[in-house]
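Novice: task: produce atomic coordinates for the following.
(chains A, B, C and D)
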Number of protein chains: 2
Amino acid sequence: MTFAPKRQRRKEARPSEIMAAGLKAFSERGFAATRLEDVAEAAGVSKATIYLYFDNKADLLKAILHEVVSPRMGELEAIIHAFDGSTPDLLRAIYGRASAVVSSDEVRPILKLIVSEAGNFPDIAKFYWTEIASRGLHTFAQLIERGIERGEFRRCDPVATAQSIIFPLLMNALATEVFGPMPEFNTDKFHPNHLEFVLRGLAANGET
Amino acid sequence: MTFAPKRQRRKEARPSEIMAAGLKAFSERGFAATRLEDVAEAAGVSKATIYLYFDNKADLLKAILHEVVSPRMGELEAIIHAFDGSTPDLLRAIYGRASAVVSSDEVRPILKLIVSEAGNFPDIAKFYWTEIASRGLHTFAQLIERGIERGEFRRCDPVATAQSIIFPLLMNALATEVFGPMPEFNTDKFHPNHLEFVLRGLAANGET
DNA sequence: GTCTATATAACGATAGAC
DNA sequence: GTCTATCGTTATATAGAC
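Specialist: Sure, this is the predicted structure:
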C-alpha cells in the first residue's frame, strides 16, 4: 500500500475540487452559515489554499455559479441559434433541457440559496441576476420573438411571457426544495401539462 | 405632559400589536435572526408578555400567518362559491384579488421568509403548506374544474395547471423581493400579459 | 382585598469567540 | 476545546382594575 504524501501539488484539479465541496456545503447549510474551513476540509486542502484560487467567500460562490449554472444557460442559447425547425418544436426542445437543469440536484438548492441569502449579500444577488436570471429570461424572450416573427406565435410581450413560461418551472423546483417532494409537485405530471399549457397560450390565432 | 404608566392592562389589544410588530420584524430580519426582545420592544411590552398570548416564537409566526394570510385565502374561496357568471370572468376576478394580495407589502416578504427559513423550522414549513399554499393551489384547481365541467376550459390536470397559473405570480413577487424592483418585473405589464396567456392556455378547443 | 395582566429577573441551552 | 454572551423560555414579584 502506498501512502498519500502530506502535500500534493495539483494546480489543475484544486479549483474544481474546492468548488464541488463549496457547492455541496453552501447548498446544505446556506452561504452565511458555512465556514470556509469546512469547505477546505471537504476538499482536502487547507483554508489558505482556497484563498490561493479565490479572492474571498463570495468570490468562491460566484465562481461556482459561473461554473455550474452559466454553462447550462449557454447551452440553451446555443440550441436556439442552431435550431432550424418550427418554433414550437424548438420550445419543446429547450423546455426539456431547461426543466432537467432546474430540477437537478445541483441547481435546485441554488435557487433556494439565492433567495435566502440575496438580502444579506447584495453583490451575489446582482451577480446572479445579470449572469444567470436575466440572461435566461431574455433567452426565452428571444425564442418567443422568433415565433412571433415567423407567425407561429401570437403577438405578446416577450419578456413578460417568458416569465409565464419559466417561473412555474422555477417555483416548482423551489417548492420541492422548501416543502419536500409533495404529490402536487410530481414532475412527471407537471412538466407535460405545463408545456401543453404554454404552447396553447402562445399559439397564433386559428392554430392549436 | 402626562407620563405613560409603567404597566397598562390591555388584554384585547396586546395580541394584535404583538403580531404586527412580529410581522414587521420577521419580514425585515428573518425568523431566526429576530430576537423576541425586539418584537416586545416594538410592541411596547415586555418579553414575557409575548408568552402570555403565544406558546413560543414559532407559534407567534404561525399566528401571524393565520391572521394575515389565511383570511385572504378564505376571501378567494368565498368569491368562487358566490360567483354566478362564466368561469373566465371568475378567473379574471380571482386573479385580480390574488395578484394584489401576493404583491402586497405584507405578503411579499412572507414568501421570502418561508423559503429562507423553512429548512431550519420544519413545523413552520408544514403549517404554511397545509394552511396556505396547498389550500390556495386547490382553490385554483377547483376553479379550473368548474370551467372544464361547464365546457369553458379544455380538459387538463387541474392541480398541475393551477401551478402554471399561480407560480408566475408568486415568483414575480419573490423575484421583486430578492432582486429589487427590476424593469422586467413591472407588474402593470406582467399581470395583464399573464392573464391573457392563461386564458388562452385554458381555452376550450375552438374558442379564444 | 382579590384577581390577573404585566414587568423584572433568573435559568439553561447553544452558538460564537478566543 | 473551553469560555462567554446571547436569547428563548420560565418563575416570581408587583401594579392596576374592580
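
Novice: ok, A:A118 touching B:T176?
Specialist: No - counting by CB atoms under 8 Å, A:A118 stays clear of B:T176, with 11.7 Å between them. In this view, the C-beta of every residue, glycine as well, is placed from N, C-alpha and C.

Novice: who's more crowded, those two?
Specialist: Taking A:A118 and B:T176 together and counting by other CB atoms under 10 Å in any protein chain shown, A:A118 has the greater number of neighbours (23 against 19).

Novice: measure that one to DNA strand D for me?
Specialist: In this structure, A:A118 lies at 22 Å from DNA strand D, with CB to the nearest atom of the strand, to the nearest Å as the measure.

Novice: in which helix or strand does the nearest residue to that residue once chain neighbours are set aside reside?
Specialist: Nearest non-adjacent residue to A:A118, counting by CB to CB, 6 or more residues apart in numbering or on different chains: A:A125, 3.6 Å away. Here A:A125 sits within helix A:122-128, counting by DSSP states H and E.

Novice: quick one: that helix to chain centroid distance?
Specialist: Here the centre of helix A:122-128 is set off from its chain's centre by 14 Å, with CA atoms, centre = their mean, to the nearest Å.

Novice: residues contacting that helix, please?
Specialist: Contact with helix A:122-128 is made by A:F31, A:A58, A:L61, A:K62, A:L65, A:I114, A:E117, A:A118, A:G119, B:V178, B:F179, as judged by CB atoms under 8 Å, 6 or more residues apart in numbering or on different chains.

Novice: show me which of these are buried.
Specialist: A:F31, A:L61, A:K62, A:L65, A:I114, A:E117, A:A118, A:G119, B:V178, B:F179 (16 or more other CB atoms under 10 Å in any protein chain shown).

Novice: sort out for me which of those are in helices.
Specialist: In this view, these that belong to helices under DSSP state H are A:L61, A:K62, A:L65, A:I114, A:E117, B:V178, B:F179.

Novice: which among the residues you listed gets closest to DNA strand C?
Specialist: Closest approach between these and DNA strand C, by CB to the nearest atom of the strand: A:E117, at 14.3 Å.

Novice: now the strands for chain A?
Specialist: When secondary structure is read from DSSP state E, chain A shows no strands.

Novice: please enumerate the helices of it.
Specialist: Secondary structure of chain A (DSSP H): helices at A:14-29, A:36-43, A:47-53, A:57-68, A:70-82, A:87-103, A:107-117, A:122-128, A:134-149, A:158-179, A:187-202.

Novice: which strands or helices does the lowest-mean-pLDDT helix or strand in chain A pack on?
Specialist: The weakest-scoring helix or strand in chain A, judged by mean pLDDT, DSSP states H and E, is helix A:36-43 (a mean of 87). Contacts defined by 3 or more CB pairs under 8 Å, 6 or more residues apart in numbering or on different chains; DSSP states H and E place helix A:36-43 against helix A:14-29, helix A:47-53, helix A:57-68.

Novice: ok, which of these comes nearest chain B?
Specialist: Between chain B and the helices and strands packed on helix A:36-43, the tightest spacing by CB to the nearest CB is seen for helix A:14-29, at 9.3 Å.

Novice: right, is the closest one up against DNA strand C?
Specialist: No - applying CB under 7 Å from any atom of the strand, one finds helix A:14-29 out of contact with DNA strand C, separated by at least 10.6 Å.

Novice: picking up where we left off before, what comes up buried for the least confident helix or strand of chain A?
Specialist: Counting neighbours by 16+ other CB under 10 Å, one finds that the buried residues in helix A:36-43 are A:L36, A:D38, A:V39, A:A40, A:A42, A:A43.

Novice: okay, the residues you listed in TSV with distance to A:T49 next?
Specialist: Below are those laid out as TSV (distance: CB to CB, whole Å):
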residue	distance to A:T49
A:L36	10
A:D38	14
A:V39	10
A:A40	7
A:A42	12
A:A43	8
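
Novice: shouldn't A:E37 be in contact with A:K47?
Specialist: Yes - under the contact definition of CB under 8 Å, A:E37 touches A:K47, with a separation of 5.4 Å.

Novice: buried ones in the helix holding A:A125?
Specialist: A:I124, A:A125, A:F127, A:Y128.

Novice: and the residues you listed, which two are the farthest apart?
Specialist: Greatest spacing in these, by CB to CB: A:A125 and A:F127 (7.3 Å).

Novice: residues touching stretch A:98-107, excluding its own?
Specialist: Stretch A:98-107 is touched from outside by A:23, A:27, A:68-69, A:72, A:76, A:108, A:111, A:136, A:166, A:169-170, A:172-173, A:176, A:187, A:191, with contacts defined as CB under 8 Å, 6+ apart.

Novice: stretch A:50-63 now?
Specialist: Outside stretch A:50-63, the residues that touch it by CB under 8 Å, 6+ apart are A:14-15, A:18-19, A:22, A:26, A:31, A:36, A:39-40, A:43, A:121, A:123-124, A:127.
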